[in-house]
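Engineer: What follows is a predicted structure for the sequence shown.
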Amino acid sequence: MGSADVEYRCFVGGLAWATDSKSLEDAFSTFGEILESKIINDRETGRSRGFGFVTFSNEKAMRDAIEGMNGQDLDGRNITVNEAQSRGSGGGGGGGGYSRGGRWIRR
């Protein structure tokens, strides 16, 4: 297997509720061929959870998109773009269980 399993996927966070997969793809298409653009929706409400993923056909397009779009405005929101972490069973443990944004703290 090996290289056939490699995906060039960006995590895109801070999206406006109005942003859909099509507008996400349109915003990123200038950087290269997109295999998939996907907004993650809440299972119960069907509403956007404010983040999504864009998968490119090659690494250069992904890197250019990260550099070109991170911190930029999309539909009135400054978005965060970085390399998505693989969900595959790549013998991992990297990263660990850190909470981003302190959501797990109870007061």
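Structural biologist: Arrived safely, thanks for sending.
Engineer: Who is F51 paired with across the strands?
Structural biologist: Beta-bridge pairing for F51 (DSSP bridges): G13.
Engineer: Identify the residues contacting the longest helix along the chain?
Structural biologist: Secondary structure of the chain per DSSP state H: the longest helix is helix 59-69. The contact list for helix 59-69, computed with C-beta atoms under 8 Å, 6 or more residues apart in numbering, reads 8-10, 12, 27-28, 30-34, 54, 56, 79, 81-83. From N, CA and C alone the C-beta is placed, and that goes for glycine too.
Engineer: Next: stretch 20-37.
Structural biologist: 10, 12, 15, 38-39, 48, 52-58, 60-62, 64-65, 68-69, 74-75.
Engineer: Mind checking which of the contacts of helix 59-69 are buried?
Structural biologist: 8-10, 12, 27-28, 31-32, 34, 54, 56, 79, 81 (16 or more other C-beta atoms under 10 Å).
Engineer: the helices in this structure, which residues?
Structural biologist: 21-28, 59-69.
Engineer: thinking again about what came up before, from the buried ones among the contacts of helix 59-69, which land in strands?
Structural biologist: Judged by DSSP state E, the buried ones among the contacts of helix 59-69 include 8-10, 12, 34, 54, 56, 81 as members of strands.
Engineer: wait, which of those residues is closest to R43?
Structural biologist: Checking those against R43 by C-beta to C-beta gives V12 as the nearest, at 19.6 Å.
Engineer: In this model R49 seems to touch the closest one, though I could be wrong.
Structural biologist: No. Using C-beta atoms under 8 Å, V12 is not in contact with R49, being 11.6 Å away.
Engineer: picking up where we left off before, buried residues in the longest helix of the chain?
Structural biologist: Neighbour-count burial for helix 59-69 [16+ other C-beta under 10 Å]: 61-66, 69.
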